[in-house]
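Student: Take a look and give me a structure for this.
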Amino acid sequence: MEMTRGNRAIRDHQEDGKRLHLFEALGEGQVRYIGMARYLDHHWEDRPDAYGEMRSAIIFELAVDPTEDQDRHDVEEQVEECGGSNQRWWTRPQDELRALALQESTSSVSEEEARQRSYQRSKAVQIYVKKRADGICEGCGKEAPFVTPQGRPYLEAHHVRRVSDGGPDHPRWVIALCPNCHRRVHHGQDGETYNKQLGQKLGKIELSPSS
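Tutor: Next up, the predicted model:
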């Protein structure tokens, strides 16, 4: 390995004014977003490559910041799963997506299975609310601004109660917004007030009680 291209981009991301996003591979083309990361240092170790041959590898030491709702969903919108699995999620019935979105975690499963369930729940919530919106922003009531290459109206899932602040990953607290409304919440002068209004709208849109 050499300190070039992607490796150099990781090391110099703060100097370059770029954000560093950290993911965890779950297998079968699935990934879980961990959060924003910051480069601290790096060192070299001898590690086996894909063919079992030992080589000198760069080991990055990173600090992971608490996950911000806006960062997590901005990145999720850009990630397409491998092998067409994303399309299979979109073809699931709404009642099945809702059941997955509401499934509770349990301590009786392995760590790997717990990660898989966490991924499935988060993905189910995200797609459920977008299908619920049916191409219409649940904030401003306007049509999605454009259609994705997959032929779906482009909307973004927003937690009115941030998961990083202890908010529930539940359809009652996640709303489908157009990019303009989503940026208004995070960057608008009235963002906090608007977010509260969205929470009130969700109470009417999603009739089930909060968990």
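
Student: so where's this protein uncertain?
Tutor: For the chain, applying pLDDT under 70 flags the ranges 27-30, 65-87, 104-116, 119, 162-169, 208-211.

Student: any idea how far the closest residue to residue 156 other than its chain neighbours lies from residue 139?
Tutor: Spatial nearest neighbour of residue 156, excluding adjacent residues (Cβ to Cβ, 6 or more residues apart in numbering): residue 182 at 4.8 Å. C-betas here are computed from N, CA, C, even on glycine. Going from residue 182 to residue 139 by Cβ to Cβ, to the nearest Å gives 8 Å.

Student: and if you look at residue 170?
Tutor: 18 Å.

Student: mind giving me the domain split of this structure?
Tutor: By the assignment in automatic domain parsing, the chain contains the domains 5-64, 69-205.

Student: Would you mind giving the ones you listed as CSV with mean neighbour count added?
Tutor: Shown next, in CSV, are the domains of the chain (neighbours: other Cβ atoms under 10 Å):
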stretch, mean neighbour count
domain 5-64, 12
domain 69-205, 16
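
Student: unless I'm mixing things up, residue 55 is touching residue 47, no?
Tutor: Yes: Residue 55 lies in contact with residue 47 (Cβ atoms under 8 Å); the separation is 6.7 Å.

Student: just checking, what packs against the strand of greatest length in the chain?
Tutor: The longest strand of the chain (DSSP state E) is strand 30-48. Using 3 or more Cβ pairs under 8 Å, 6 or more residues apart in numbering; DSSP states H and E, the elements in contact with strand 30-48 are helix 5-11, strand 20-27, strand 54-64, helix 69-76, helix 111-133.

Student: Pairing partners for the third one, with directions?
Tutor: This means strand 54-64. Looking at strand 54-64 with DSSP bridges, its partner strands are strand 30-48 (antiparallel).

Student: Let me know the angle separating the strand it pairs with from strand 20-27.
Tutor: Using axes from the mean of the first three to the mean of the last three Cα atoms, to 10 degrees, the inter-axis angle of strand 30-48 relative to strand 20-27 is 90 degrees.
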